[in-house]
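Chemist: I would like to see how this sequence folds:
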Amino acid sequence: MVENFYMMNKKFKVSFLLISLFLILTNSISVFSETIKKDSLLKDQNKVDVYRKPDLTDVEKEWLKNHPIIKVGSDSNWAPFEFRDKNGNYNGINIEYLKLIAKKIGIKFEFTQDKTWNEILNSVQSKDIDMVSGVNETSLRSNYLNFTKPYYSTPISIFANSDITHIRNLNELKNKNVTVIKGYYIEEILRDKFPNINLILAKNPQEALKMLHKKEVFAYIESMVIASYYIKQKNYKSIRIVGDTPYKYNIRMGIRNDWPIFNEILQKTLETVSISEKNNIYHRWISFNSEQNSNHRVLYTFLVPLIIVLLIFIFWNRRLQLEVKKRKQTQDDLDIAFKKLQDTQTHLIQSEKMASIGFLTAGIAHEIKNPLNFISLGIKGIKNGIETILEITDNYERLYENDKSEKIKDLEKLKEKLDFDFYTKECVTLIDDVQYGVDNIEEITKSLNTLSYFSGDTKALTNVNQGIESTLVLLRNQYKYTIEIIKELGNIPEIKCFPGKLNQVFVNIISNAIHAIKNEGSIYIKTFVENNFLIISIKDSGTGIDNNSLEHIFDPFFTTKPIGEGTGLGLTISKNIISEHDGKIEVKSIKGKGTEFIISLPMLF
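Modeler: Down below sits the predicted model:
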C-alpha cells in the first residue's frame, strides 16, 4: 500500500494524507474517550470493592479498635506469593490480599524482618507474632494456629533435570535424594506418607533449585507456580516438570489460636473480596500485566497522532516515512515474538510427546518380551517333542510292517478311526503357524524398542532405514489390506542423529499418507545419498493438497482434517525436528494425485 501511495502524484498525495490523518485523529479521539470511560468504570469498581466492608459485630469492631497493629510473618523467598523485593519491601499475592484487608477493616499490618520460614512458625507459636499471611493447614500447625478458608490454591509438582523423562508418582522417588524447603507443608506430608524418600532440606527455593541444577539431588518437590518463577529468574533451562503429586498448597491465613475473634474477622473480610479484585491480584502476579502501561497507550493513541497532525503540514513527507518505518519495525518485532512463542510451544509439546511415547512403547515392549520368551521356548520344545514321537512311531511302523497279527490290525483300524495321519501333519503345520505368529510379535517388539529409543540431547549413529522399517511394522494394521508399500531403501551409511525424534517424523508423515488414501493406493518410500546429504522421499497416491493449504502446511495448529481428527502439530513438530538436524523438509503435491515429502539430512558420522 505504501509503495502504491508514493507512485501517486503530489496533489493526490496531499489529499490522501489529509484524509488519512483525519481518520487517525477521529479514531484516536474515540479510543481516548473509550479509555477514559474504562478507566472511570475501573476506578468506580475499585471504589466499590475497597469500601465493600465486612458486616462486623460491635464486639469485633471494638476488638479491632484495641488491636490497630497486627504483627505478620511472611516468607521472604516464596515468590510470587510473598517475598522481599530489591528495596526490602514485602510484595506478592498474599501481601496484596493483606493490603486489601487493611483498607477494608482499617488496621495496619506490620511485617517481621529477616526470618526464615521455620523461625516464623516458631515465632507465631510463641505468640511473638500474631499471624502468617500464607500457610497450609496441617495437624501439627493446628495445635497453635486457627485458619481461614483457602483464598488461593496451587498444585505441587515434581521437578528434575532434563535427563529424567517422567516420574509417574512419588513412590518412584524411594531411596532417592529429594530436596524440599525446611518447614514447608510438603516436608510434613513426605515424612508422614513417604518415609523412604531421602529428604534434603533447603532454606529457600533458590537454594533447592541450585542443588537440583548441580545434580546434588535427584528431584525437587514444590508448587508449579513458585518453582517456575525462580527457574525463569535464574534461567535454569535444564530443569523441568517431570511428574505430578496428589497434593497442592491450599493457601490460608493462619492466626494465633488464642485470637479466634480475629480469625472470624479475617474470614468475613476475605468473603467480601470480589471477583474483579481477585482477578486484578492474580493477573498482576501470574500473567502479563496489561494494565501497567495504560497511560502510555493513551499517550500513543491520542497525543502522538495530534502532534503528527500539527507537524504534518510542514514536514509531511518526512513524518510519513518515519511512521511507516516505525510501524514496519513494530510489525517485524511482533512477528518475531509470535514466531518464538509458537516455536517454544511446539517444542514443549514435542518434548513431552517424545518422552511419553518413549516411556509407553518401552514399557509395552518390555511387558510383551517376557511372556513371548516363554511361548517361543515352549513352541520349540513342543516341536522337538512331536518330531521325536513321530520318528519313534515311524520306526515302529517299519518294524511291524509285515506283521499281520490281530493286534497290529486293531492298531491300524484305530489309527484310521482317529485320523492319525491327518493330525500328524496338522500338528506340524499348526506349530509352524504359531512360530510364524511369535516371529511377527518379536518383529513388532523390536520396532517398539526402536521407536522408543530417545537419546535426549545426545546424537547417536543410526541406520535410518531401520527406523523406517520399524515405523511400517507399527503402522501395518492401518494399511495392510488396501495400501501397497513400495520400498526402495538404498545402501546408506549410518548417520549421527536423534533416532527417537526421526522415528516420530516418519510416524507423522507416513500416518498422514495413509489417511490421505481413501480406498486403495500406494506409498512409495525411497532413501539414497546425494551431494553429501541423505535423502528420504515419502510419496503417496492420496487426495493431494490444494495450493492454498500447501502454503500453511507447516504452520502450528493448521490441519485439513475434520475437527477432532488432528491437532495440526504433527508437521510443525516434524519440521522442527528436521531443523534440529540442520536439514530441510520439502513438500510437493497435486490435488487429486498425491503428495511427496522430501527430507534432506546432512551426512554426519
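
Chemist: gap between the nearest residue to Ser223 once chain neighbours are set aside and Lys248?
Modeler: Of all residues not flanking Ser223 in the chain, Thr154 sits nearest, at 4.6 Å (CB to CB, 6 or more residues apart in numbering). All C-beta spots, glycine's among them, are computed from the backbone N, C-alpha and C. Using CB to CB, to the nearest Å, Thr154 is found at 6 Å from Lys248.

Chemist: overlap in contacts of these two?
Modeler: Listed as contacting both Thr154 and Lys248 by CB atoms under 8 Å, 6 or more residues apart in numbering are Ser223.

Chemist: Scan the protein for its longest strand.
Modeler: strand 239-256 (DSSP state E).

Chemist: so what does that strand touch, helix or strand wise?
Modeler: In terms of contacts (3 or more CB pairs under 8 Å, 6 or more residues apart in numbering; DSSP states H and E), strand 239-256 is packed against strand 131-135, strand 145-147, strand 152-161, helix 185-193, helix 205-213, strand 219-223, helix 260-271.

Chemist: Repeat the analysis, applying 6 Å as the threshold.
Modeler: strand 131-135, strand 145-147, strand 152-161, helix 260-271 (3 or more CB pairs under 6 Å, 6 or more residues apart in numbering; DSSP states H and E).

Chemist: out of these, nearest to Asn576?
Modeler: Closest to Asn576 of the helices and strands packed on strand 239-256, according to CB to CB: strand 152-161, at 22.0 Å.

Chemist: what residues does the closest one touch?
Modeler: 167, 186, 219-221, 223-225, 227, 238-239, 241-245, 247-251 (CB atoms under 6 Å, 6 or more residues apart in numbering).

Chemist: which secondary element of this structure has the worst mean pLDDT?
Modeler: helix 294-298 (a mean of 40; mean pLDDT, DSSP states H and E).

Chemist: So, low pLDDT: which residues of the stretch 401-550 of the chain?
Modeler: Low-confidence segments of the stretch 401-550 of the chain (pLDDT under 70): 401-404, 415, 418-419, 421, 423, 425-426, 428, 430, 432-457.

Chemist: Just the helices from it, written as ranges.
Modeler: Assigned helices in the stretch 401-550 of the chain, in chain order: 406-417, 420-452, 464-479, 499-516, 547-550 (criterion: DSSP state H, counting those that start in this stretch).

Chemist: Which of the residues in the first one are classified as buried?
Modeler: Residues of helix 406-417 classed as buried by neighbour count (16 or more other CB atoms under 10 Å): Leu411.

Chemist: Mind exporting the C-alpha coordinates of that helix to CSV?
Modeler: Written as CSV, here are the backbone C-alpha positions of helix 406-417 (Å, rounded to 0.1, in the frame of the first residue of the first chain):
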residue,chain,number,x,y,z
GLU,A,406,-4.7,-109.2,15.1
LYS,A,407,-3.2,-106.7,17.5
ILE,A,408,-1.5,-104.9,14.6
LYS,A,409,-4.7,-104.9,12.6
ASP,A,410,-6.6,-103.5,15.5
LEU,A,411,-4.0,-100.7,15.9
GLU,A,412,-4.2,-99.9,12.2
LYS,A,413,-8.0,-99.6,12.5
LEU,A,414,-7.7,-97.3,15.5
LYS,A,415,-5.2,-95.1,13.6
GLU,A,416,-7.7,-94.9,10.7
LYS,A,417,-10.6,-94.2,13.0
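
Chemist: So which other helices or strands are in contact with that helix?
Modeler: Using 3+ CB pairs under 6 Å, 6+ apart: helix 406-417 touches no other helix or strand.

Chemist: how about a cut-off of 10 Å?
Modeler: If you count contacts as 3 or more CB pairs under 10 Å, 6 or more residues apart in numbering; DSSP states H and E, helix 406-417 packs onto helix 304-399, helix 420-452.

Chemist: How is this protein divided into domains?
Modeler: Annotated domains of the chain cover 2-48+293-360, 152-253, 453-602 [automatic domain parsing].

Chemist: Would you single out the least confident of those domains?
Modeler: Lowest mean pLDDT within these: domain 2-48+293-360, a mean of 56.

Chemist: So what's the residue count around Leu266?
Modeler: For Leu266, the number of neighbouring residues by other CB atoms under 10 Å comes to 27.

Chemist: how much space is there between it and Ile101?
Modeler: 7 Å.

Chemist: Met253 - nearest residue in space that isn't next to it in sequence?
Modeler: Thr148 (4.6 Å).

Chemist: And for Pro150?
Modeler: Asn250 is the one closest to Pro150 (CB to CB, 6+ apart), at 3.9 Å.

Chemist: How about Ile599?
Modeler: Ile536 (4.3 Å).

Chemist: Ser76 now?
Modeler: Arg84 (4.4 Å).

Chemist: what sits against that neighbour?
Modeler: Counting by CB atoms under 10 Å, 6 or more residues apart in numbering, Arg84 makes contact with Ser74, Asp75, Ser76, Asn77, Tyr90, Asn91, Gly92, Ile95, Phe111, Gln113, Asp114.

Chemist: now the last one: how far from Gly73?
Modeler: With distances taken as CB to CB, Asp114 is found 11 Å from Gly73.

Chemist: the more surrounded of these two?
Modeler: Gly73 (24 against 8).

Chemist: what's the pLDDT at the more buried one?
Modeler: Gly73 is given a pLDDT of 92.

Chemist: In this structure it contacts Lys115, no?
Modeler: Yes: applying CB atoms under 10 Å, one finds Gly73 in contact with Lys115, separated by 6.6 Å.

Chemist: Please enumerate the shared neighbours of these two.
Modeler: Leu121, Asn122, Ser123, Asp128, Ile129.

Chemist: and of those residues, the nearest to Asn576?
Modeler: Leu121 (47.3 Å).

Chemist: so what's that closest one closest to, chain neighbours aside?
Modeler: Gly183 (5.8 Å).

Chemist: and the one you found, what helix or strand is that in?
Modeler: If you go by DSSP states H and E, Gly183 is not part of any helix or strand.

Chemist: Lys326 versus that one, what's the distance?
Modeler: 53 Å.

Chemist: Among these two, which residue is more densely surrounded?
Modeler: Gly183 (17 against 10).

Chemist: roughly how far apart are that one and Ser274?
Modeler: Note on Gly183: its distance to Ser274, by CB to CB, is 33 Å.
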